[in-house]
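In: from the sequence below, what's the structure:
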Amino acid sequence: MIASRPMQMTWFSVMTMLLVFSGSRGGAQTSEKETLPGAQNYTRVDRNVACGGAIAFDALPELKRRGFKAVINLRLPTEPNANVEAEGEAVRTAGLKYINLPFNVAAPNARAIVDEFMKAVVDPANQPVYIHSNAAHRVGGMWLIKRVRLDGWSVERALAEAENIGLSDSSRQFALDYVKIYSK
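Out: The predicted structure follows:
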């Protein structure tokens, strides 16, 4: 029995350290990469949102099975292989709501699309929601804006999560400029 006591202390010490280290992350990144067959760069950011890149139509029933209620597609209908209309039909056939918000950081309506996105992503009728673009670059930018503007996150914290999602340079600059102009 005496030999097992140090083992118990070691186990206790390890568990304590794990709890301390897991709590010390400071929430800098809450998102976790997961696998959803047919979805590129799938990241679950919280219980109400997952983000990613292009999604195969045959993956949509799995989204429904996982409890999702809506899909927000940020792709433009002019993008190669976007199939925005066909995706809308496939999403609705799977029993999900479809929201297409064609987003281009250089478009004159970019800020209006951000406003529409903010309304759609927080609407409880759309949650949980899967948000996607081609490779999650634009999703990262939109999510950064949402975290800062609606969730009150610091830019640094939101940027770390957005980079994990798939933020690109052009989306990064747009998002940072947007939050600078429209925050406080």
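In: the bottom helix or strand of this protein by mean pLDDT?
Out: Considering only helices and strands, the least confidently modelled element of the chain by mean pLDDT, DSSP states H and E is helix 4-23, at a mean of 37.
In: for the residue most central in space within the chain, helix, strand, or coil?
Out: Ranked by distance to the mean C-alpha position of the chain (C-alpha atoms, centre = their mean), the top residue is residue 51 at 3.3 Å. Using DSSP: H, G, I helix; E, B strand; the rest coil as the criterion, the local structure at residue 51 reads strand.
In: got a pLDDT number for it?
Out: As predicted, residue 51 sits at a pLDDT of 96.
In: at which residues are the strands of the chain located?
Out: Chain-ordered strands for the chain, with DSSP state E as the definition, fall at 32-33, 43-46, 49-52, 70-73, 97-100, 129-132.
In: next, format the ones you listed as TSV and append distance to residue 63.
Out: The C-beta positions use only the backbone N, C-alpha and C, and glycine is treated the same way. TSV is the format used below for the strands of the chain (distance: least, C-beta to C-beta, whole Å):
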stretch	distance to residue 63
strand 32-33	16
strand 43-46	12
strand 49-52	8
strand 70-73	7
strand 97-100	11
strand 129-132	6
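In: which one of those lies nearest to residue 117?
Out: Minimum separation from residue 117 across the strands of the chain (C-beta to C-beta) falls at strand 70-73, 7.0 Å.
In: for the closest one, what does the pLDDT average out to?
Out: Per-residue pLDDT values across strand 70-73 average out to 98.
In: given that strand, what are its sheet partners and their directions?
Out: Each strand pairing with strand 70-73, determined using DSSP bridges, is listed with its direction: strand 97-100 (parallel), strand 129-132 (parallel).
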